[in-house]
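>>> The amino acid sequence is not available; the structure is as follows:
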C-alpha cells in the first residue's frame, strides 16, 4: 500500500502549507543566485516542508534536482564522488539544477572532512546549493552556517492541517468525525507528515473514523510548548488528547495550571461557560494543594484530569486567541532579576569595602541610599553606578 504522505505530496508551490514567507525567500534567492554565492540553509521542525520546497521549485522550473542525504553520505570521499562533478557540469535535458543536501546535521561532529567537503561544493558549484537541517545553531554546523543564507520554516498551522486531512478523507472515501480531524491536526504539533501518517493508520480497513478510534491510536511522545497545548486544553473536548498534551508539555503541570487560569477569560466569553470553567479549575486547585499538603503525588494525576476537562465547560471564543503569560510569573521574573542585580551590586561594593555582599545590603546600602537621594550625580569616587543601579538602591 502506498503511503499517503507520498500519494498526496504537493506537486505545486501553492499546495505547500503555511510557508509563504519561506517560499518567497527561497524563490528570490534562486532568481538572484550566481556561482560563488552562499548556499541556502532551510531549517525548521520535522514535517514542515524543508525537503519539499526545493523539490517542488525544481519541478516547476523543470530543473534537475540532485539530492543526497548527509546522514548516508557522511565522509568527504562519498560527498565528493556524489556531488563534485554533477555540481559543475550542465545537464543535457534540463535548463538548470538544484543541489540538495538533506539532513546535514547527520554528519558526525568527529568527521570534519564531511563538513569541509560540503563547504567546498558550496564554493565551487555552478548551481545553487540548498541544505536542510532541523537546528542550524548546533556547534558542529557553525562552519557551514557561515557560508549560507538562513531561511526558517515555521510549524504548519493546525487549521491548514485539518483542511488537508479533510481533503484526503474525501478523496479516500472516508467519513471522519469533525473532532477527530481537529484533534489529529492539533496533536501533530505542526508536523503535517505525522498527521497524515496518523490518519492513514486510523483509516486502515475502515471507511469511517470516530473519537473512539482516535483514543486507540496512541499519541507520539513529543515535548511541546505551553502555547501549543493551550488550544488543545481549551477546545479539543477530548480528555485523552488534553491529558497527553499536558504530560508532553515542557512546563510542569503546576505552571500549566496558572497559564490556564490566566487565559480562561480570553477563551470563554459567555458568563455561564466561564463560570463552569473556573469551577473545574477550582477543583483542579484542590488536588494541586493536596499534593503539597499531603506529599501524595497521585493527586497530581487528578489535577491533570480536571485541567483536561476544561474544554467541556462550554464553547470557546472562535478565532485566534493571544495567550498571555501569567501575571505572577512576570512579577516573579522581575523580582528574580531585581535580586540578581542587587546581589551583583552588593558584591561589587563589597570589593571596595572588603566586606561580604550580605553586610553591604544590611549595613551600607541604607546610608548609600541617603547619600544618593541628596546628590544629583550617581558616580562617586571609587565606584560608578549606572542609572538603573541608582534607582535600584533608591527603591530598596
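Noted; the coordinates are in hand. Nothing here was measured: the structure is a model prediction, and the numbers come from that model. Numbering: from 1, shown residues only.

>>> Quick one: residues in contact with stretch 26-35.
13, 40, 42, 53-54, 57, 61, 98, 125-126, 128, 130, 149, 151 (Cβ atoms under 8 Å, 6 or more residues apart in numbering). Glycine gets a C-beta too; all of them are placed from N, C-alpha and C.

>>> Quick check: the farthest pair among these?
For those, the farthest-apart pair by Cβ to Cβ is 13 and 126; their separation is 24.6 Å.

>>> Look at the two and report which has more neighbours.
Shown here are residue 13 and residue 126; by other Cβ atoms under 10 Å, residue 13 has more neighbours (18 against 13).

>>> And the more buried one, its phi and psi?
phi -60, psi -30 (degrees, to the nearest 10).

>>> same deal with residue 42?
Torsion angles at residue 42 (phi, psi; degrees, to the nearest 10) stand at phi -90, psi 130.

>>> measure it to residue 166 for me?
28 Å (Cβ to Cβ, to the nearest Å).

>>> These two: who's more crowded?
Each of residue 42 and residue 166 has its neighbours counted (other Cβ under 10 Å); residue 42 has more, 28 against 17.

>>> what about the more buried one, distance to residue 107?
From residue 42 to residue 107 the distance is 16 Å (Cβ to Cβ).

>>> ditto for residue 79
9 Å.

>>> Also residue 162?
36 Å.

>>> Redo the contacts of stretch 26-35 as JSON lines? Include distance to residue 355 and secondary structure.
Shown next, in JSON lines, are the contacts of stretch 26-35 (distance: Cβ to Cβ, whole Å; DSSP: H, G, I helix; E, B strand; the rest coil):
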{"residue": "13", "distance to residue 355": "67", "secondary structure": "helix"}
{"residue": "40", "distance to residue 355": "57", "secondary structure": "strand"}
{"residue": "42", "distance to residue 355": "56", "secondary structure": "strand"}
{"residue": "53", "distance to residue 355": "61", "secondary structure": "helix"}
{"residue": "54", "distance to residue 355": "63", "secondary structure": "helix"}
{"residue": "57", "distance to residue 355": "66", "secondary structure": "helix"}
{"residue": "61", "distance to residue 355": "72", "secondary structure": "helix"}
{"residue": "98", "distance to residue 355": "66", "secondary structure": "strand"}
{"residue": "125", "distance to residue 355": "64", "secondary structure": "coil"}
{"residue": "126", "distance to residue 355": "69", "secondary structure": "coil"}
{"residue": "128", "distance to residue 355": "64", "secondary structure": "coil"}
{"residue": "130", "distance to residue 355": "60", "secondary structure": "strand"}
{"residue": "149", "distance to residue 355": "54", "secondary structure": "strand"}
{"residue": "151", "distance to residue 355": "54", "secondary structure": "strand"}
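
>>> Overlap in contacts, residue 79 and residue 107.
Contacts common to residue 79 and residue 107, judged by Cβ under 8 Å, 6+ apart, are 70, 114, 118.

>>> Can you name the next helix or strand after the strand or helix carrying residue 184?
Applying DSSP states H and E as the criterion places residue 184 in helix 178-187. Per DSSP H and E, the first helix or strand lying C-terminal to helix 178-187 is helix 192-202.

>>> and that following helix, what does it pack onto?
helix 4-7, helix 158-172, helix 178-187 (3 or more Cβ pairs under 8 Å, 6 or more residues apart in numbering; DSSP states H and E).

>>> Please identify the buried residues of the first one?
In terms of neighbour count (16 or more other Cβ atoms under 10 Å), helix 4-7 has its buried residues at 4, 5.

>>> how far does that helix sit from the chain's center?
25 Å (Cα atoms, centre = their mean, to the nearest Å).

>>> Same question for stretch 237-247.
19 Å.

>>> outside of it, which residues touch it?
Contacts of stretch 237-247 (Cβ under 8 Å, 6+ apart): 179, 183, 186-187, 211, 214-215, 219, 224, 228-229, 232-233, 236, 253, 256, 304-305, 307-312.

>>> Stretch 206-216 too?
173-177, 179-180, 183-184, 202-203, 238, 240-241.

>>> if we go to 10 Å?
169, 172-177, 179-181, 183-184, 187, 198-199, 201-203, 217, 237-241 (Cβ atoms under 10 Å, 6 or more residues apart in numbering).

>>> what does stretch 291-306 give?
239, 242-244, 246-247, 252-254, 256-257, 280-290.

>>> low-confidence ranges in the stretch 101-250 of the chain?
108-112, 215-224 (pLDDT under 70).

>>> same thing but at 50, please
Applying pLDDT under 50 to the stretch 101-250 of the chain picks out residues 219-223.

>>> ok so, going back, quick check: which of the helices and strands packed on helix 192-202 is buried the most?
Greatest average neighbour count among those goes to helix 178-187 (a mean of 22), per mean count of other Cβ atoms under 10 Å.

>>> which one's the longest helix in this protein?
Using DSSP state H to define each element, the chain has its longest helix at helix 327-353.

>>> Please point out which parts of that one sit buried.
342, 345, 346, 349, 350.

>>> Check stretch 23-33 too.
23, 25, 26, 29, 30, 33.

>>> Likewise for stretch 57-73?
For stretch 57-73, by 16+ other Cβ under 10 Å, it's 57, 58, 61, 63, 64, 65, 66, 67, 68, 70, 73.
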